[in-house]
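>>> Quick one: sequence plus predicted model below, questions after.
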Amino acid sequence: MNDQWSDQILDSFLDEIISGETPPDLSNRIMSRLAQRQAENTHSDIPLPEVPDDADQDRSWWQQVVHIPPVESSHPVQSSSQPSALVSNSNSSLKRYDGGSGAGKKNRQTAALWIGMAACILAIVALFAAFPELYRSSANIAKQDRPTPTLPEANTQKVASSGNATLPKEPIAPTVPKENPLPSPERLDINGLPFAVVEPDAMPTLPLENAVPDTDVALSDTEIVAEINTAFTSLWDQYKVKPVSTIDDKEWLQRTASVLLNTTPSSSQVELFKQTEDPNKRNYLLQQATSSERFSRYFAKQIATALVPEENEETAQWREDFEVWLTQNIAQRTPYNEVVFKLLTANVVSAKNGEANSGRPENYWLTALQDPHGHKVAQRVSTLWLNQSLQCSQCHDQGSSPETSQATYWSMLAALNLGEKPEYFFERKDGTLKAATAALPNGESIDSLPPEQRRDAFAKWLSTSPILAEGAVNMTWKLVFGAPLVSNEAAVEDPTHAARQKLLKTLAQQFRVHRYDLSRLVLWVSASQPFATPSRVITQRDWLLASETELRDIRNSENLFANYRRLELSEARNIPETNGRDVLQNLVRFEREEAGNSLRRTVLAQPMPTQSLPNQNPATLSDEPLPAWQQNLRLHASADSDSFHQQLVSRLLKSKLTWPQLVQHALGRNPSSQELRWADELLQYHGGDKQVTLLKLHWTTHQTIAM
Amino acid sequence: MDLMSEHPPTQVAGSSMEDPGDNQPQGGGSPLNPESESNVSSSSSLDLVSLIRQHQVGLWRYLRALGCDSATAEDLIQETFLRVFCRPFEHRNDAATGAYLRRVAHNLFISQRRRASKVSVTERASDLEEAWTRWAGFDNGDGTVEALRECMGRLTERAQLALRKRFADDISRTEIGSELGISEHGAKNLMQRAKAQLRECLESKLK
């Protein structure tokens, strides 16, 4: 990219030399125009970015984020009561602008306002005097065509979708509170220059027309954050616990930088932030951060990782473009449901055929996830957007809920219609084959639609469904806190589940009302009190030596405080837990090492320990965070916590499935030959105990691929 | 608490919450008070003129590199300085001010292009700034232009002619090829080789 700019710069220099054009002297012109403009006194009092005072040489996130460039800005006047702390340096011949000097300015502004109004009135009078028919026709129109009340224009706009389909319209959209206008990414200057240069009037306004019932009340940001805080403080009161304290500025800044921007602030930035006395500085910085390009890029990368399960040569061809596309959508605050709609209705193209750079990036996602039945897409759709894991439903019903039944799963598969077969058959529990009927997850059949229109119908339903918003909230919560707000597969029973579920629905509702604005959702979550409570590293020592009660306490503390992990530990957050293959490899490596140790079976290897292990040598345990897959294993291994999975595996073992098929069920996907070899190796380490081996495979890999 | 408040926090000593951030200015300040032009002393006017003269060349070249024609570049330069002078601004050093002016100019350029519906929303601004600093960051590009002029003289006449026709006469590669008796592809190759030689020469001179 630098080469491209270098070429462009050198070309322009070459042009200058060859064409003989020379840079003009514009000083007189500018000075005269400046005098004229000052005389008109028409400029607004918008604070422009100041030149920095510190000598920090790095182009750090602070400098990239906390800056408002002078593009079409409409900032309010900076309070003149605030001390102007930028001290003039050595050159004192000119005085620093101090943000406003009182009465003289106001008088001029008032006079200019009156003069402007008078000029407008005169102009209108003159216009009507010159063109009397203008007045008459206007009056006639007013008489004849008195307009009936109509919906706002935004409500009648169509969705600019990728295909022919458009998002369905709903007649009434709520009004977003005026006192909290959307942050303005177009005013943020990132990396020196604006990234998201989108004016509010050019921003997508699609979600107003869909999915927002008129009964929804749009809360302000403050009220929404208060909802989160209230939910958690109620839990703390209920369990008679409270945070030790709130984190200090340094830790808060490090956490924010890590979670939202994937960076670490320098010591000078921390010092700068600590010295800033404004009580609203955290919110201000959050607002800036969630509107920045860096945030958009980082969150786009994480969402892309969730959407694209694994990287290979084919995905590498379009992954970068796809991330850029997602980044653009987040930066422009494209409604999340519209992004989902675009993804689901995209055309399937092939990067292998040289179309990688010719098509739209969003098209490649579906292409990459294609398999003979469309299972990959269905699993991503269910995990990310339907807020439930349906992997198991591929083979059997999950519980008694129709939403997670095998038939529902296959109906969704038929609705998405991304497999290679015209019809979908699945094997029922009794061994019979049944043809899947294309239907939406709410049970509505779309089987009568032509196959090529079913995916559009599914996308329309999904993009207006509250479930999508709940999935987005859960995903956002996980990106911020490291764990979803409501876990769909809690190994240990979560006593806070009901309260969390209620909060999830509240946030999802507000997310819909506020135009599915992902950045804003992140802002709410990160401005909440749980985000600012101290966190503790749950080390390997904690995890592995914990008794069953202590283990339960650890999980409860996670549920109560939301941020039990030290979020600023990037290495802890970047454990490759999104890739089931890596997890399986780690598990095998772990078991291999254990097999060679005198401690043949550790607490992790014991399927049902009820107490902490007395023979575990604490000296061998580290203070590092325990990888997520090991945490899952440990949690599932606790007593009375996993009857469901055990029953499932027992049922599988009673069936006539072969070992590779059993492994496939345990993993929830087709294993590769390497993964089958690892499963065989694991089986050996467990003395041929298929139940233990399958349970481990399931516990460690099943949850980890979820967002 | 108002999350959406657009009031920047109180600034602290030695720092700014609204920090353009590319540069690290040191030294003297040149603040201007835009709300009372009568307060703008003759000395500050003089400073403004010298500031314009110091940076207008670099800005012009920068905008031309972005793809502006001369007239647009001049308009944007004027607007850039007006924007900067009409609002709080403090000159700390030339490098910082130059970077700041480029940023404002680029913002205006983007706005202008956006109004004309000609711009995509993403530009790797950091790449551009990096490339600009490499080639023209310290003297408005004077040194590079001068070196390029010398390097141009070292090209073969045929290559010079091709480049001249391309840049000065703005004619297509096909026409250049036909005038030189070569194919369009040949003309393209000729110019690419010439530009590669120029760059090589330039890099050796600017080392």
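Happy to help now that I have it.

>>> Output the below-cut-off pLDDT ranges for chain B.
B:1-46, B:88-89, B:91-92, B:114-126 (pLDDT under 70).

>>> Pop the domain breakdown of it in here.
Per automatic domain parsing, the structural domains of chain B span B:40-136, B:142-206.

>>> Of all those, which one is nearest chain A?
Closest approach to chain A among the domains of chain B (CB to the nearest CB): domain B:40-136, 2.6 Å. In this view, the C-beta of every residue, glycine as well, is placed from N, C-alpha and C.

>>> all strands for chain A, in order.
Taking DSSP state E to define them, one finds strands in chain A at A:189-190, A:193-194, A:425-427, A:433-435.

>>> need the least confident one among those strands, by mean pLDDT.
Sorting those by mean pLDDT places strand A:193-194 lowest, at a mean of 28.

>>> Quickly compare the domains of chain B and say which is most buried.
Mean neighbour count, computed with mean count of other CB atoms under 10 Å in any protein chain shown, is highest for domain B:40-136 among the domains of chain B, reaching a mean of 20.

>>> in the stretch 351-500 of chain A, which spans are helices?
A:363-368, A:375-380, A:406-416, A:451-463, A:466-481, A:497-513 (DSSP state H, counting those that start in this stretch).

>>> For residue A:469, list the residues it contacts.
Counting by CB atoms under 8 Å, 6 or more residues apart in numbering or on different chains, residue A:469 touches A:337, A:508-509, A:511-512, A:516.

>>> returning to what we had before: would you list the helices of the stretch 351-500 of chain A in a markdown table and tack on distance to residue A:344 and mean pLDDT?
Listed next are the helices of the stretch 351-500 of chain A as a markdown table, based on distance: least, CB to CB, whole Å; pLDDT from 0 to 100:
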| stretch | distance to residue A:344 | mean pLDDT |
| --- | --- | --- |
| helix A:363-368 | 8 | 77 |
| helix A:375-380 | 9 | 79 |
| helix A:406-416 | 8 | 79 |
| helix A:451-463 | 4 | 84 |
| helix A:466-481 | 11 | 88 |
| helix A:497-513 | 18 | 90 |
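
>>> Put together TSV for those helices, with distance to residue A:668 on each row.
Formatted as TSV, the helices of the stretch 351-500 of chain A follow (distance: least, CB to CB, whole Å):
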stretch	distance to residue A:668
helix A:363-368	19
helix A:375-380	8
helix A:406-416	12
helix A:451-463	22
helix A:466-481	19
helix A:497-513	23
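
>>> what's the first-to-last distance across stretch A:434-451?
18 Å (CA to CA, to the nearest Å).

>>> Tell me which residues of it come out buried.
A:436, A:438-441, A:446, A:449 (16 or more other CB atoms under 10 Å in any protein chain shown).

>>> Determine the set of other helices and strands touching the longest helix seen in chain B.
As assigned by DSSP state H, the longest helix anywhere in chain B is helix B:42-66. Helix B:42-66 is packed against helix A:2-19, helix A:27-40, helix B:70-85, helix B:94-115, helix B:125-136, with contacts defined by 3 or more CB pairs under 8 Å, 6 or more residues apart in numbering or on different chains; DSSP states H and E.
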